[in-house]
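S.K.: Pasting the sequence and the predicted coordinates here, then a few questions.
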Amino acid sequence: MSNDVTENPGATEVTDVAVAPPLSQRARSFAFAAIPYAVAVLAAFVVVGIIITALGHDPTEAFRAVLTNSFRNQTGFVQTLHKWAPLTLLSLAFAIPLGAGRFNIGGEGQMILGTVGAAAVGITMSELPMVILLPLVILVGILAGAVWAAISAWLMESFKINEILSTVLLNFVSFEVLDYVASVVWSDPGAGGAVTLPVGEGAVLPGIGRPPMHTGVLIVVLVSVVAAVMAKRSVAGFELRAVGLNERASRLHGIRTGRVAVTSMVVAGALAGLAGAIEVAGVHQRTLEGVQSNFLLLGIIIGLIARGSLTAVPFVAFGIAVLEVGAGSMQRVSGAPVEIVLILEGLILLFLLMSDVATERFRRARASRAAKGALA
Amino acid sequence: GCGGSDDPEASTGDGDGGGDKQVIAAIFSGPTNDADYNAIGLRALKAAESAGAEISFSEKVAVTDVEARLTEAVGDGATVVWTHGSQFYDATAKVAKNNPDVNFIAEYDGLPKDQPANVWTIDRQFHLGFYGMGVFATKLSKTGTIGYVGGLSLPFSMAEVHAMEQAIEDSGAKATIKPVWTGDFNDAAKAQQFTTQLLGQGADVIVGSLNVGSTGTFQAFEGRPAGDGWVTAKYTDKSAAAGEHYAGSLVYDFDKPLAEVLGKIGGGEEKGNYLLGFDTGVTIEMSDSVPADAKAAVDKAMEDVKSGAVKVELNTAKIG
Amino acid sequence: MSGIRKTFGPVVALDGVDFTVAEREIHGLLGGNGAGKTTLMNVLYGLYAPDSGTVSVDDREVEIRSPRDAIAHGIGMVHQNFLQVDVFTVAENIVLGTDSSTLTAADGSSQTPAQRITELSERFGLTVDPSARVADLPVGVRQRVEILKALYRGARILVLDEPTTNLTPQEVDDLFSSMRAIVDDGMSVVLITHKIRETMEVCDRMTIMRDGRWITTVDKADTTADDLAATMIGEVAGGDAEAAALAEAAQVALGEEELGEATLTHALPGAQKAPSGGAAAGTVTHTPARVTVRGLTVAGSGGKPLVDDVSLSLRPGEILGIAGVAGNGQGELAEALTGTRTATGSLVVDGEELVGRPTATWLRRGVVYVPEDRQRDGILPGAGITENLVLGSHRTRSRAGMINWRAARSEAVEAIKEFNVKTPSAATPCGQLSGGNIQRVILARAFAHEPTLLLLHNPTRGLDIRSTQFVYDRVRRAAADGCVVIVISEDLDEVLALADRVTVAYSGRLVGEFARGEANPYDLGRLMTGVGA
Amino acid sequence: MTEFLTLTITAMVPFLFVAQGTMLSGRAGIFNVAQEGLMLLGAAVGYLVSLKMGGNVVGLIVAALAGAVVGFILSWATTSLRLDQFVVGLALFFLAGGTASLLYRIVIGDDEPPRIKPLPDLVLGQDAMVFVAIGLSVFLWWWLYRTDAGMRLRSVGENPKAADSLGINVARTRMWAGTVGAALMAVGGAYLPMVFSGVYADGIVAGRGWLAIALAFFGGWRPQFILAGAAFFAAMDVLAQRAQVSGIGIPHQFVSMLPYLATLLVMVFALRWALVPQFLGKNYDRESRIVG
Ligand SMILES: Nc1ncnc2c1ncn2[C@@H]1O[C@H](COP(=O)(O)OP(=O)(O)OP(=O)(O)O)[C@@H](O)[C@H]1O
Ligand SMILES: Nc1ncnc2c1ncn2[C@@H]1O[C@H](COP(=O)(O)OP(=O)(O)OP(=O)(O)O)[C@@H](O)[C@H]1O
Ligand SMILES: [Mg+2]
Ligand SMILES: [Mg+2]
């Protein structure tokens, strides 16, 4: 058979270390990919619209809120970015170990420890000047998250304890830790919730613009660029994926599989911890019960929708952030019950995946037709 | 059961609600159909609506999202923003600073430091109410062991327990309080398990300081003969759900407080602290099955606190 | 089967193939790697849905949508890589999917699964321990389990996809006698193999495929091994030259060390024995050793070590052949010699001690390992060919921790051309390739490393004649460049064809040693079975 | 002591239903992660039906059916469409959770919800579902390891290609295993209002679904160990509460960590039973040569 080896028209794998198709192609396939997603979102809106109308509310108002809230004004956009930052970090914290075939479900625990560490420094050393305190706060947050993840990694390597089990359980432990810190150690007496005292002035990330966007967003931009490049080009990125694809073969070819897996978990923890530190230093100026929000689940979803491609993560994360910010204001604007938001998000996810299948089948059909054509 | 929508474009976001129609946006922490803290919030809001204000609200708002909700509400032209629940105070104060020409009503347990000029606080003073509950429980208890079931071990929760202890002291009885915290105001299952254990440990009066979780405390009494132990609740009258061991509830009402604060704001008084107490909408509602002497004692306690004959100390010192 | 066509995306795996198996015959299915043998049989077994074409059983056209249908029509298949549930026992694997309660023996009396299994294994000489966990079994036995699975379901047409590749010579003989017993029972067998000797030994008819097309079907009576070899290799376009080039591999395929030459010369005019390895000519005999192994030992779970005090001294350009029956510690030895398994003792390459160093270091010193189990140890199935070619050298080739994928990609394209890997693109996931093509990728990677010590374990297993010859040539070229080569193979012919020096692995030790030429199959055979030792 | 046992057993029941449901789907290769949502749905439906149509039994049945529907969607989307099991699971978690509180809002509105009758005690002060849950665990053990069908199910989770090549319908097996598993999860949720709270509330599940997943791993995806594991976990939980009620000096936050830490500690010594189905969470594509 003829070895007509092309530089891969339309690589099947959408992963970082897979050979990337030429730019023009990527651009075209990008546009091509956009359509079904739009359709999927639309379909979800239609279904939910019917429900909302049936409940006697105005769907158009609701959807206007969901779609435009992020872009209507400065405020909406800043909010979106503030959501985007932790979402991106937590989905990286899921996607990186996933590359090595490990499931880190502990993102929220690691993030919580990050906030605790950051708050601890920010509160106890509140007198320090910003140049020292702020970096310290961020650093300690990162470390705290990394250590928390390292526990799971250690249990995984040394005792073969499944990481899903350990991370889930450690999440629950971290809730108690947070509860203790926020309602006992540095509890704010006036607060009606488990909330710590505010951190010192020097521990607050400076803001940009009006309304201020905290500079944590820039840190996250930097991090996601580095992550994407590392995954695409670096040895570490390659070894990570190799371990995920075939652990034995990797070890036989000189990859320290155990070390790679452990490192991926610890790095994930560090990123989640950074997310925590940024929430403290950028958004809340303190840590508090529920600071982890639903970032873990959304992070997992983002990571999986991006099919583990660290390059895609920030973009998917932005889409989800827009949805989240918009959905949040939906009720106040339209009066539709708040549960609708969950239903809408669930449907959008389902339909997005289904549209993926649809396009895939369509592409395959086209390919085989092309092949037949070539034969004739 | 949801708020009527207001058309943001129509209402201009022009500042102090002085004179013209107030556009109120409220933030609730849980579902407004919880027949509990959020329900009374919505009731107050609806009352304001029938008094002529224009309303909208968001429910089930997490503390992490409240700032976003607030800024949006302001952006959509609300002239008065009310956050129902003191966990929202910090975010409210923060947004208030950034929007000086909008009025804010927040809740806070105590007097906040550097309260912005456009913020009213409602101080819930739970310790006052729980002094009454302390008297109530002491009267009801035969075994002299009183169980207190809280959610998160927050300062206000500590204050409640200390107030009850003060009540026991003042009454000279030798009852003891076993306080427990389920870790979640809305986890009824945990509440049921804790209550069962408290009852097992000899407590015969359970004072609940929960939200939706309170149903768990009632459930724990299932299968016990009437009169064998009492359970009390907080925020709303729960007689319908509680069953025959229900002794009563420390009921809070925000209709009057909200109306009065809105009135003051309308009158141009943009900053202040509204104190909740037995004189302003707080009462202990008792079921008919409660013995008369207990009723009397509680009524007296409420009077004393109101009149100031009894000074209830606000003590948030840690317990267990 | 007639007019079967099957495509995978751009790949045309089968292009209108006709294939007929008669009753009571063993039908050989031959063809190069990627010819479409496995695919054709997967279609027959209902695992792949053909794009077009029809299947008839007993002259009745049938539709086979899934293996369930295939089984219903009395078709059984033993797959190229076993399909077994590792955690299940032999018995469980065999009865899986059947109704164990309602079994009836030949005489109509009811029967327990255990009884049926023992009955079958006795009748066809397929001895197994029904209560053993398949994960713990040697490949030979797992092979029998696969066949029993088919027989247990009353298969009348049994497909064996390269069953002999993982078997020791004895096991092959056992298998063949079992196959005989099976056809004598009135069934038919399709045997996929690359070894002409085997086909000539057991098959009644053979069909040859090439590039997804049917080439010819011949009776054993009207053909000779050499004709087959010729047809498999294809139209000898290059005439004598190419024929000569392939002669040796053809011989190994024919398994006729002595006759080979004579017979082949008239089959493929101009063929003569290819020159043997660089070091053989005795010229370099006195050059100092490049690789020295002293007392290399791998501890076993029990008292007995898996690799027992192995010592070797190898000169540059030398090719050492290690013959032996599978299961004598070859795998462990190979891993110990390549630093992929913890071992004690000493292994010095170019004066540097490597034992105890991480695998990466071994690789950096040019120690290259071509493992026996490709799917499991050789490739990243989900990754493209480019990534698979980079694997192992990814650290050495990186600059500042970054890999230049553009360069890697063009190298890959080159390698694919050079090693004749049949693939639609350099990004095609390696796991999609046919068994033989996967091996070519692995070899391409191995030779790209410019190895100092090259260890190949059953390197040509499952390769067609062309590829086999290709491997031999590359091995010799590497040796000529001064690389030390160790070939561990259960195929005696292969060892004899390649090695300058031959030794035998027996229960973890290396016994006996013969220089090229002195080695005769019979002495080796005795050592391999532990008689001579 | 008997009180301790009673509390433990009752606390164990919901975990048992959900973890066994997770196990059943998982052994067929479907990794359901919608537990939290399924429990909410089960709780809401169970409560509303018991309230309006009277009778817990009806409530439990309808809850199971509701769960089955969700489970079927999950199984269908992951077998027929081969969608990512995790994402679909999480999407259904959102959908089910949202639907639960929406149903509750529609039926109950803003009124104060009345408590439904608790499950009546059968014997030994235990309600019927306790025995159902334990019986179910025993049955599942027997069925999985002692019947042909059970073996088929396990083979599908261990090596679907092998199962397929023996004529086992991988898709169908996964379909019903995923469906029944989800139904069990919903039942576990329905148990909450019927025993612990008497009413439905959005906060009623409070993370128990995630813990059930942990328990499935804790029990090595084997019914008998899951039974033991759930009992152990519940006991630790009740013990922690007892410690707080008795007022030992330690802050309750630390006491509450006991069940989680104890579970991890046990796992450290549990290497042998800590197995996971080979194809857990992996979709099967007959014509692909790449596993997983
Ligand atoms: N110090 C050593 N002594 C003997 N053998 C070793 C030594 N270090 C590694 N090996 C062998 O080489 C193999 C590969 O080693 P390497 O450490 O690179 O991989 P790994 O052990 O999987 O990595 P990690 O140690 O990070 O888990 C090991 O599995 C081990 O069998
Ligand atoms: N599932 C699949 N997906 C993609 N391509 C496939 C698949 N199965 C087979 N192919 C392609 O079809 C062609 C024929 O493969 P097949 O395995 O039938 O060859 P073969 O004759 O068995 O070769 P070998 O002797 O090496 O096993 C190859 O090019 C292979 O890459
Ligand atoms: Mg190691
Ligand atoms: Mg093949």
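M.R.: Good, I have the coordinates. Numbers count the residues shown, from 1 in each chain, chains lettered A, B, ... in the order given. Ligands and ions are numbered 1, 2, ... in the order given.
S.K.: which residues touch the host helix or strand of residue B:257?
M.R.: Assigned by DSSP states H and E, residue B:257 belongs to helix B:255-266. If you take CB atoms under 8 Å, 6 or more residues apart in numbering or on different chains as the criterion, helix B:255-266 is touched by B:16-19, B:22, B:24, B:43-45, B:47-48, B:51, B:53, B:80, B:82, B:103, B:105, B:120, B:122, B:272, B:274, B:276, B:280-281. C-betas here are computed from N, CA, C, even on glycine.
S.K.: for the stretch 201-350 of chain A, what spans make up the helices?
M.R.: With helices called from DSSP state H, counting those that start in this stretch, the stretch 201-350 of chain A shows them at A:216-233, A:235-245, A:247-252, A:257-278, A:295-305, A:313-334, A:339-375.
S.K.: Can I get stretch C:506-514 in PDB, CA atoms only?
M.R.: C-alpha atoms of stretch C:506-514 as PDB (Å, rounded to 0.1, in the frame of the first residue of the first chain):
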ATOM      1  CA  TYR C 506      17.300 -22.100  30.900                       C
ATOM      2  CA  SER C 507      15.400 -21.400  34.200                       C
ATOM      3  CA  GLY C 508      17.000 -18.000  34.700                       C
ATOM      4  CA  ARG C 509      20.500 -19.000  33.800                       C
ATOM      5  CA  LEU C 510      22.500 -18.900  30.500                       C
ATOM      6  CA  VAL C 511      23.800 -22.400  29.600                       C
ATOM      7  CA  GLY C 512      26.100 -23.500  26.800                       C
ATOM      8  CA  GLU C 513      27.800 -21.300  24.300                       C
ATOM      9  CA  PHE C 514      28.400 -21.800  20.600                       C
END
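S.K.: so how far is it from its chain's centroid?
M.R.: Relative to its chain's centre, stretch C:506-514 lies at 23 Å (CA atoms, centre = their mean, to the nearest Å).
S.K.: So which helix or strand of chain D has the lowest pLDDT on average?
M.R.: strand D:121-123 (a mean of 74; mean pLDDT, DSSP states H and E).
S.K.: What strands line up against it, and which way round?
M.R.: strand D:126-127 (antiparallel) (DSSP bridges).
S.K.: Taking the stretch 351-500 of chain C, what residue is nearest to chain D?
M.R.: Of all residues in the stretch 351-500 of chain C, residue C:431 sits closest to chain D, at 4.0 Å by CB to the nearest CB.
S.K.: so how far is residue C:441 from that residue?
M.R.: 11 Å (CB to CB, to the nearest Å).
S.K.: quick one: which of these two has more around it?
M.R.: Ranked by neighbour count (other CB atoms under 10 Å in any protein chain shown), residue C:431 and residue C:441 place residue C:441 first, with 23 against 19.
S.K.: Correct me if wrong: the more buried one contacts residue C:419.
M.R.: Yes: if you go by CB atoms under 8 Å, residue C:441 and residue C:419 touch, sitting 7.4 Å apart.
S.K.: pull the longest helix from chain D.
M.R.: Longest helix of chain D, by residue count under DSSP state H: helix D:2-27.
S.K.: now for the next helix-or-strand element following it, which elements pack on it?
M.R.: The first helix or strand that comes after helix D:2-27 along the chain, using DSSP H and E, is helix D:35-53. Packing partners of helix D:35-53 (3 or more CB pairs under 8 Å, 6 or more residues apart in numbering or on different chains; DSSP states H and E): helix D:2-27, helix D:56-79, helix D:85-108, helix D:170-192, helix D:208-218.
S.K.: all helices for the stretch 151-300 of chain B, in order.
M.R.: According to DSSP H, counting those that start in this stretch, the stretch 151-300 of chain B carries its helices in the segments B:155-171, B:188-200, B:214-219, B:239-242, B:255-266, B:292-307.
S.K.: Same list (these) but as a markdown table, adding mean neighbour count.
M.R.: Conversion of the helices of the stretch 151-300 of chain B to a markdown table gives the following (neighbours: other CB atoms under 10 Å in any protein chain shown):
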| stretch | mean neighbour count |
| --- | --- |
| helix B:155-171 | 22 |
| helix B:188-200 | 26 |
| helix B:214-219 | 30 |
| helix B:239-242 | 19 |
| helix B:255-266 | 19 |
| helix B:292-307 | 17 |
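S.K.: got the CA coordinates for the helix or strand where residue C:148 lies in PDB?
M.R.: Secondary structure from DSSP H and E places residue C:148 in helix C:139-152. In PDB, the C-alpha atoms belonging to helix C:139-152 read as follows (Å, rounded to 0.1, in the frame of the first residue of the first chain):
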ATOM      1  CA  VAL C 139       0.500 -17.600  27.300                       C
ATOM      2  CA  GLY C 140       0.500 -21.100  26.000                       C
ATOM      3  CA  VAL C 141      -2.200 -22.100  28.400                       C
ATOM      4  CA  ARG C 142      -4.200 -18.900  27.900                       C
ATOM      5  CA  GLN C 143      -4.100 -19.900  24.200                       C
ATOM      6  CA  ARG C 144      -5.700 -23.200  25.000                       C
ATOM      7  CA  VAL C 145      -8.300 -21.300  27.100                       C
ATOM      8  CA  GLU C 146      -9.200 -19.200  24.100                       C
ATOM      9  CA  ILE C 147      -9.700 -22.300  21.900                       C
ATOM     10  CA  LEU C 148     -11.700 -24.000  24.600                       C
ATOM     11  CA  LYS C 149     -13.900 -20.900  24.800                       C
ATOM     12  CA  ALA C 150     -14.800 -21.300  21.100                       C
ATOM     13  CA  LEU C 151     -15.200 -25.100  21.300                       C
ATOM     14  CA  TYR C 152     -17.300 -24.800  24.400                       C
END
